[in-house]
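> no sequence on hand, only this structure:
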């Protein structure tokens, strides 16, 4: 390979990388923020669904908080009920993009409790959730949200 060929190859690679970067830059941040809202919300919603039957928190959910989770400062019955509520309420708000930063903060707090006190070995999963929540706390919900619609109406 000559010096000319390697220079030409490097130039082609540089051009290809620039095109890829330009295409990635064209992805709207609002799409990324929408994904950061929907996917972790689904995880928490599904977890909440395992704790209830109809409108009632199950005895098995309370037992789980009593026997496995063992949170040090809160009664298992209360913890199960608060968790079931939070895992349904905040994901709905996240998906529709209403009170997004507050909802993300609440679920970030839950994630930290789960990570520190319940399942510390699951840090890779919790890290992904926390990253999504931090992104939403710092950047907001994006254009595809009720928060954005309300803000737009208030500015008009």
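That came in fine, so what should we check first? Remember, predicted model here, so these are calculated numbers, not experimental data. Numbering: from 1, shown residues only.

> pull the helix or strand with minimum mean pLDDT from this structure.
helix 3-25 (a mean of 85; mean pLDDT, DSSP states H and E).

> following the chain onward from that one, which element is next?
Once the chain leaves helix 3-25, the next helix or strand it forms, by DSSP states H and E, is helix 29-49.

> buried residues in that next one?
30, 33, 34, 36, 37, 40, 41, 43, 44, 45, 47, 48 (16 or more other C-beta atoms under 10 Å). Quick note: C-beta positions are derived from backbone N, CA and C, even for glycine.

> got the confidence number for the fourth one?
Meaning residue 36. We have a pLDDT of 98 for residue 36.

> residue contacts, the nearest residue to it once chain neighbours are set aside?
Using C-beta to C-beta, 6 or more residues apart in numbering and skipping residues adjacent in sequence, the residue nearest residue 36 is residue 132, 4.1 Å away. Residue 132 sits next to 36, 37, 39, 40, 104 when contact means C-beta atoms under 8 Å, 6 or more residues apart in numbering.

> give me the element residue 132 is part of.
helix 123-139.

> touching the next helix or strand after that helix from outside, list them.
Proceeding C-terminally, helix 123-139 gives way to helix 146-155 as the next helix or strand, assigned by DSSP H and E. Under the criterion C-beta under 8 Å, 6+ apart, residues 96, 97, 98, 99, 100, 140, 141, 142 lie in contact with helix 146-155.
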